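Student: got a predicted structure plus its sequence, pasted below:
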Amino acid sequence: MIKFWNFVRNSAMGYAELFLYGELCSDEPWYTDDYVAYRQFIQELNDVEEDTIHLRINSPGGEVMAANAIFNQLKECGKTIIAHIDGMCASAATIPLMAADKIIASCNAMILIHDPMVCLVGYYNRAELEKMTELCDKIKASIIATYRSRIHDVTEEEFDLLMREERWLGADEAQDIGLVDEVAYSDIADVQDKGKYLIVNSVRMKKEYFNNLPVNSRKGVNIKQPMQPVDKGEQREGGKQHMDENEIKSLEDMERAYPEFCKAIADRAVQEERSRLKSLDEIGSQIPEKMLEDAKYGDKPVDAKELAFRALVAEKEAGSSFFGEAKDDAQESGADEVGASPESGGVERDGGDSAGLGNAGGDVPEERISNLKKAMNLDKRRKKA
């Protein structure tokens, strides 16, 4: 017989404690009171003389029928039940929780409700699988009924959705929907990831029971990830094959300790660099070659957005420089000293003669032609023949 519960009586304090730590499992079903484990649980419960039982849970769940049996016996025992979630309360472990008159969760507790699962070994036809599916649906309905026997504000549809989502709840979130009445501080140890197991307050939980694992930073819970073993053939002094965090002093140490993590970072960096170069090539035809080269492989590489901005600034500065140089050239040419061009029509001079370049019969004074020639020769922009 597998015994997964433990009654601890404290008559001096006026209460008893029922510990459900670890997996709720047995080597025989709990359908009726004909089975040894079930009869022993009932006997131990009946032996409790104290009026109050503190139910303490730190469990990943287990067999639904065993959980249902405990729930029913606690509801019918006539004692005050105060439940405490000392770490994890997941899956079937949430069922006896509903028998409590008051539920207190540690501030960093983790609660999970999800659809029932069945383990299959062997070969089954469609009809047999459909029967199993129907059974799972009925078990789910019974679990929802148990939840709603205590929590009336949450509908069957809402519980159905929560179970299908298989989402971990922190103590505050569980309190919001009525799974928890009070959130309290607890000296629960950090949750530790030990490969196939989670260690929660010194209690080992198998990971295989969960499709989703609790996140690292939910309401104060910090799951410590295990150190990866060093490469084969690199066994450390004293046969130690795991590195301590304090031993990581270089990139090589980090890669040996966390090879998958480092590989994920490297893969992401490669993908981002490829994306950056591709975006630069897409605008490369509009960018000066030297500027594009610096953006790709210079000391300070930039992305396409930054390169386009720099190109616009450079183009603006180049335009201002062109017009500034043109103005300087005009001033240096002496063009300001050149008078108005000769009139095309006759204009009376001091001597009363008329002169005009546009007049076929007009004569242009030799002195004016000479002055114009000198001015044109002073223009630096003119190329000498």
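Tutor: Cool, the structure landed.
Student: CA only for contacts and neighbour counts going forward, please
Tutor: Fine.
Student: and Glu44, that's in a helix?
Tutor: Yes: Glu44 sits within a helix when classified using DSSP: H, G, I helix; E, B strand; the rest coil.
Student: tell me, how many residues neighbour the closest residue to it other than its chain neighbours?
Tutor: Leaving aside its chain neighbours, Glu44 sits nearest to Phe7 (7.2 Å; criterion: C-alpha to C-alpha, 6 or more residues apart in numbering). If you count neighbours by other C-alpha atoms under 10 Å, Phe7 ends up with 18.
Student: my guess is Phe7 meets Leu18, correct?
Tutor: Yes: with contacts counted by C-alpha atoms under 8 Å, Phe7 reaches Leu18, the gap being 4.5 Å.
Student: and stretch 282-292, how far apart are its ends?
Tutor: With C-alpha to C-alpha, to the nearest Å as the measure, stretch 282-292 spans 11 Å from end to end.
Student: any residues touching that stretch, and which ones?
Tutor: Residues from elsewhere that reach stretch 282-292 (C-alpha atoms under 8 Å, 6 or more residues apart in numbering): 280, 304, 307-308, 311.
Student: could you list the low-pLDDT ranges of the stretch 101-250 of the chain?
Tutor: 185-192, 194, 200-204, 208-248 (pLDDT under 70).
Student: now do the same for the residue nearest to Glu44: its pLDDT.
Tutor: As predicted, Phe7 sits at a pLDDT of 95.
Student: do you know how far Ala264 is from Tyr258?
Tutor: 10 Å.
Student: of these two, give the one with the bigger neighbour count.
Tutor: Legend: neighbour count by other C-alpha under 10 Å for Ala264 and Tyr258, higher for Tyr258 (18 against 10).
Student: let me see the backbone angles for that one.
Tutor: The phi/psi pair for Tyr258 (degrees, to the nearest 10) reads phi -130, psi 70.
Student: start the count at 37 instead of 1 going forward.
Tutor: Will do, 37 is the new start, and the previous item becomes Tyr294.
Student: for Arg304, see how far away it is.
Tutor: 16 Å.
Student: what are the boundaries of the strands in the stretch 187-336 of the chain?
Tutor: Assigned by DSSP state E, counting those that start in this stretch, the strands in the stretch 187-336 of the chain fall at 204-206, 218-220, 228-230, 233-236, 239-242.
Student: distance to Arg92 and mean neighbour count for the ones you listed - can I get that in a markdown table?
Tutor: What follows is the strands of the stretch 187-336 of the chain, written out as a markdown table (distance: least, C-alpha to C-alpha, whole Å; neighbours: other C-alpha atoms under 10 Å):
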| stretch | distance to Arg92 | mean neighbour count |
| --- | --- | --- |
| strand 204-206 | 17 | 21 |
| strand 218-220 | 14 | 17 |
| strand 228-230 | 20 | 19 |
| strand 233-236 | 14 | 20 |
| strand 239-242 | 13 | 19 |
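Student: of all these, which one comes closest to Cys113?
Tutor: strand 218-220 (23.5 Å; C-alpha to C-alpha).
Student: partner strands of the closest one and their direction?
Tutor: strand 138-142 (parallel) (DSSP bridges).
Student: distance check, the spatially closest residue to Ser62 that is not a sequence neighbour against His188.
Tutor: Spatial nearest neighbour of Ser62, chain neighbours left out: Ile38 (5.0 Å); criterion: C-alpha to C-alpha, 6+ apart. According to C-alpha to C-alpha, Ile38 and His188 sit 35 Å apart.
Student: ok, Glu351 next?
Tutor: Taking C-alpha to C-alpha as the measure, Glu351 falls 70 Å from His188.
Student: again with Met134
Tutor: 12 Å.
Student: now swap in Ile131 and tell me
Tutor: Distance from Ile131 to His188, by C-alpha to C-alpha: 15 Å.
Student: which of the two has more residues huddled nearby?
Tutor: Ile131 (25 against 11).
Student: secondary structure element for that one?
Tutor: helix 130-133 (DSSP states H and E).
Student: helices and strands around that helix, which ones?
Tutor: Where contact means 3 or more C-alpha pairs under 8 Å, 6 or more residues apart in numbering; DSSP states H and E, helix 130-133 is packed against helix 100-112, helix 162-184.
Student: go again using 10 Å as the cut-off
Tutor: With contacts defined as 3 or more C-alpha pairs under 10 Å, 6 or more residues apart in numbering; DSSP states H and E, helix 130-133 has these neighbours: strand 88-95, helix 100-112, strand 116-126, helix 162-184.
Student: so where do the helices sit in this structure?
Tutor: 72-82, 100-112, 130-133, 162-184, 192-201, 207-213, 287-293, 295-318, 325-333, 340-368, 402-414 (DSSP state H).
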